[in-house]
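>>> Sequence first, then the predicted structure:
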Amino acid sequence: MSEVLIAGKAVQVNEEGYLTDMEQWDEAVACEIAEELNIVLGPKHMEVIHYLRQQCQTGKTLNIRRIGKSGVVDIKSFYKLFPGGPLKNASKIAGIPKPASCI
Amino acid sequence: MKKLVILGAGTAGTMMLNKLYKKLPKQEWEIIIIDKDPNHYYQPGFLFVPFGIYSKEEIVKPKAKFFPKGIQAIWDEVEKVGPKEQRVYLKSHPPIDYDLLLIATGCTPDPEETPGLQGKYWQKDIFSFYDYEGACLLADRLAEWEGGELVINIADMPIKCPPAPLEFAFLAEAFFTEKGLRDKVNVTFVTPMSGAFTKPVASRMLEGLLSERNIKVEADFYLERVDNDKKCIVSYDDREIPFDLLVTIPVNKGATLVGDSDLGDDDLHYAETDKETLQSKKYPNIFVLGDATDLPASKAGAVAHFEGEVLTDNIMDFLAGRPLSARFDGHSNCFIETGYGKASVIDFNYDVQPLPGKFPIPGIGPLSLLGITRINHWGKLAFKWAYWNMLLKGRSFPISTHMSMAGKKREEELEEA
Ligand SMILES: Cc1cc2nc3c(=O)[nH]c(=O)nc-3n(C[C@H](O)[C@H](O)[C@H](O)COP(=O)(O)OP(=O)(O)OC[C@H]3O[C@@H](n4cnc5c(N)ncnc54)[C@H](O)[C@@H]3O)c2cc1C
């Protein structure tokens, strides 16, 4: 774990660059992390990110099906918004833990 | 008489039945357990049956064999719980009232969630080893298969026993090598996660195995459908992976009755459960454990075991009108078969990722956390005995309920090294 400056703000991140405390997040932090992933955040991205943060707060394991059924975004569009690995990229931008298995 | 009703007599339900039978005063409490299937399957054995390591017969025993004498079991399907009227509705029996309800109805693979999965290749060239029938059919197919593209695919997370698909890949690689067919088989592991390993320390220590064994990994692949004309799996971003033999881990879902019973709004039918006390978030006289919960813990028999210790204390508190005192920390441990008679082992909780070290006796072992050893493999095989003889009967293991850091190397130490 280390402290880095993101958007002028000191935040704690793990070795893969995911925030370790979701409370240190704000939208400016999100934009800067997104830039590193070559994503420019628009209103739809933000809507999805806020939804993921809210899901994370309830303690649920994020899952692509649940996101697809949420009414916030369908899975195809989720891929288009966050290309490559939508769940891991969107989680990083949202300041929540990387979706992980047990190993 | 007050009534405790347990839904599901699998790993978690049977274990809790045995624990609470000993604890609850018999003149005050009647215990009823309900399950739709009188057979108990040793699910960790589903991994070994396809390769002929376990026989189909040795992993099934009658459920009732593990119940205390005099327990009233009802063999029927539970359709719904009415938490307000404290009543359980069954398919072919009259409803049953309860004072305290335990939900342990687990989760199961649901191939219907993926279009095309149950098409013309289903159970011919597409198999799921996550259920008994599938594991048995796959054993027959693997025995005669002559090679080609073997694709192992996880449709979505969470699944029970998250390492099992990767273990399957390792065992399959070894199986074909030992059969002299390895040069005719390509093994590809396809996962919606960022890789076959997702935890930093475990990745560093075990990832090399995949290239060593020439197992290809396709990551960030969310299965949309199976194209039966092209015989390939297709992701939501239109990647196509052709297969000759597909081993699928279908979407896992909790029991439908959980979804139908006002126990949470989860569309995968997991009950909303307090991750520390195991009490339902909706009704105080309902507790949930095992694979049926929405906890961010692994869905594994070992987890059900640790939860069981916590839950027993909390139920005794609840019945005495005291605040719930025991806390579950997400503790889990499991063996990971790596093929050729060796295995690894991991021990972790909600906050601590799998770390290297000696287990369960710090400094001594005999198991090596994140190591790849023969003794770890014997441990995995010994788990079967411990499962039937200790776990189901609610006996304690010589492993503490809460995860211990003793004997483990800390993350900071690993970074310095
Ligand atoms: C391939 C594979 C390998 C595994 N390997 C390991 C391992 O190595 N180590 C480990 O610890 N765990 C392992 N597991 C996981 C382990 O088997 C499960 O986590 C464990 O069995 C969960 O227990 P449970 O009681 O919650 O669910 P289950 O044991 O699945 O029991 C649920 C019960 O509820 C009943 N039920 C469901 N719905 C209804 C209904 N409507 N009415 C009546 N009854 C109902 C079912 O019939 C069943 O008996 C593995 C699982 C699989 C599939």
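Here it is on my side, so go on.

>>> For the closest residue to the ligand within the stretch 101-250 of chain B, which residues are in contact?
Across the stretch 101-250 of chain B, the shortest distance to the ligand (Cβ to the nearest ligand atom) belongs to residue B:106, at 2.6 Å. C-beta: built from backbone N, CA, C; applies to glycine. By Cβ atoms under 8 Å, 6 or more residues apart in numbering or on different chains, residue B:106 lies in contact with B:8, B:10-12, B:160, B:254-255, B:290-292.

>>> where does the residue of chain A found nearest chain B land on pLDDT?
Going by Cβ to the nearest Cβ, chain B is nearest to residue A:85 of chain A, at 3.5 Å. On pLDDT, residue A:85 comes in at 89.

>>> Could you do residue B:416 as well?
65.

>>> Next: residue B:63.
For residue B:63, the pLDDT comes out at 97.

>>> and the residue nearest to it when sequence neighbours are not counted, what are its bridge partners?
Leaving aside its sequence neighbours, residue B:63 sits nearest to residue B:40 (Cβ to Cβ, 6 or more residues apart in numbering or on different chains; 4.5 Å). Beta-bridge partners of residue B:40, counted by DSSP bridges, are residue B:61.

>>> burial count for residue B:40?
By other Cβ atoms under 10 Å in any protein chain shown, the residues close to residue B:40 number 22.

>>> so who does it touch?
With contact set as Cβ under 8 Å, 6+ apart, residue B:40 has these partners: B:9-10, B:14, B:60-63, B:65-66, B:392.

>>> run the last query once more with 10 Å
Applying Cβ atoms under 10 Å, 6 or more residues apart in numbering or on different chains to residue B:40 gives the contacts B:9-11, B:14, B:59-66, B:387-388, B:392.

>>> that older thread, so which of the contacts of residue B:106 sit within helices?
Counting by DSSP state H, the part of the contacts of residue B:106 found in helices is B:11-12.

>>> Can you name the residue of chain B nearest the ligand?
Counting by Cβ to the nearest ligand atom, chain B gets nearest the ligand through residue B:10, at 1.8 Å.

>>> where do the strands sit along chain A?
Applying DSSP state E to chain A gives strands spanning A:2-6, A:9-13.

>>> Which positions in the stretch 151-300 of chain B make contact with the ligand?
B:160-161, B:164, B:255, B:257, B:290-292, B:299-300 (Cβ under 6 Å from any ligand atom).

>>> Dump those residues to CSV, plus pLDDT and neighbour count.
Shown next, in CSV, are those (pLDDT from 0 to 100; neighbours: other Cβ atoms under 10 Å in any protein chain shown):
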residue, pLDDT, neighbour count
B:160, 96, 20
B:161, 95, 23
B:164, 97, 22
B:255, 97, 24
B:257, 96, 23
B:290, 98, 30
B:291, 98, 30
B:292, 97, 29
B:299, 96, 23
B:300, 96, 23
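
>>> ok, now which ones touch residue B:104?
Counting by Cβ under 10 Å, 6+ apart, the residues that residue B:104 touches are B:6-17, B:33, B:35, B:255, B:287-293, B:304, B:307-308, B:311.

>>> where's it relative to residue B:287, distance?
Distance of residue B:104 to residue B:287, computed by Cβ to Cβ, to the nearest Å: 9 Å.

>>> Torsion angles phi and psi at residue B:204?
Note on residue B:204: its backbone torsions stand at phi -60, psi -40 [degrees, to the nearest 10].

>>> Ignore what I typed, I meant residue B:374.
The phi/psi pair for residue B:374 (degrees, to the nearest 10) reads phi -70, psi -40.

>>> do the same with residue B:299
Per degrees, to the nearest 10, the backbone of residue B:299 is at phi -100, psi 100.

>>> So which residues on chain A come close to chain B?
Listed as neighbours of chain B in chain A under the rule Cβ under 10 Å from any Cβ of the partner chain: A:1-2, A:14-16, A:56, A:58-66, A:68-70, A:74-80, A:83-89, A:97-103.

>>> Show the buried residues in those residues.
Using 16 or more other Cβ atoms under 10 Å in any protein chain shown as the burial test, those include A:56, A:60-65, A:68, A:75, A:78-79, A:85-89, A:97-103 as buried.

>>> Where helices are concerned, which of these count?
Reading helices off those with DSSP H, I get A:56, A:64-65, A:68, A:75, A:78-79, A:86-89.

>>> Show me chain B divided up by domain.
By the assignment in automatic domain parsing, chain B contains the domains B:2-106+B:255-319, B:111-252, B:332-416.

>>> I'd like the distance between the closest residue to residue A:31 other than its chain neighbours and residue A:94.
Closest residue to residue A:31 apart from its sequence neighbours, by Cβ to Cβ, 6+ apart: residue A:41 at 5.5 Å. Going from residue A:41 to residue A:94 by Cβ to Cβ gives 11 Å.

>>> OK, contacts around the closest residue to the ligand within chain A?
In chain A, the residue that lies nearest the ligand is residue A:102 (11.0 Å; Cβ to the nearest ligand atom). By Cβ under 10 Å, 6+ apart, the contact list for residue A:102 reads B:161-163, B:197-199, B:202, B:297-300, B:303, B:332-334, B:336, B:346, B:348, B:353-354.

>>> Please read off the pLDDT at it from the model.
pLDDT for residue A:102: 80.

>>> on that earlier part again, please pick the buried ones from the contacts of residue B:104.
Taking 16+ other Cβ under 10 Å as the criterion, what is buried in the contacts of residue B:104 is B:6-17, B:33, B:35, B:255, B:287-293, B:304, B:307-308, B:311.

>>> So which of those belong to strands?
Judged by DSSP E, the buried ones among the contacts of residue B:104 include B:6-7, B:33, B:35, B:287-288 as members of strands.

>>> ok, which of those also contact chain A?
Among those, not one lies near chain A by Cβ under 10 Å from any Cβ.

>>> mind putting the residues you listed in JSON lines, pLDDT included?
Below are those laid out as JSON lines (pLDDT from 0 to 100):
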{"residue": "B:6", "pLDDT": "98"}
{"residue": "B:7", "pLDDT": "98"}
{"residue": "B:33", "pLDDT": "98"}
{"residue": "B:35", "pLDDT": "98"}
{"residue": "B:287", "pLDDT": "98"}
{"residue": "B:288", "pLDDT": "98"}
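
>>> tell me the two of those residues that are most distant?
The span of these, defined through Cβ to Cβ, is set by B:35 and B:287 at 17.4 Å.

>>> who's in contact with the closest residue to residue A:19 other than its chain neighbours?
In this structure, residue A:19 finds its nearest non-sequential neighbour in residue A:95, 4.1 Å apart by Cβ to Cβ, 6+ apart. By Cβ under 10 Å, 6+ apart, the contact set of residue A:95 is A:6, A:11, A:13, A:18-26, A:29-30, A:33, A:49, A:52-53, A:56.

>>> Apply 7 Å and report the result again.
For residue A:95, the contact set (Cβ atoms under 7 Å, 6 or more residues apart in numbering or on different chains) comprises A:19, A:22, A:25, A:29-30.

>>> Repeat that for residue B:228.
The neighbourhood of residue B:228, defined by Cβ under 7 Å, 6+ apart, consists of B:116, B:119-121.

>>> can you tell me how far it sits from residue B:234?
Per Cβ to Cβ, residue B:228 is found 11 Å from residue B:234.

>>> cool, and residue A:91?
If you go by Cβ to Cβ, the gap between residue A:91 and residue B:234 works out to 24 Å.

>>> who's more crowded, those two?
residue A:91 (23 against 18).

>>> Help me confirm that that one comes into contact with residue A:99.
Yes. With contacts defined as Cβ atoms under 7 Å, residue A:91 counts as touching residue A:99 at a distance of 6.0 Å.
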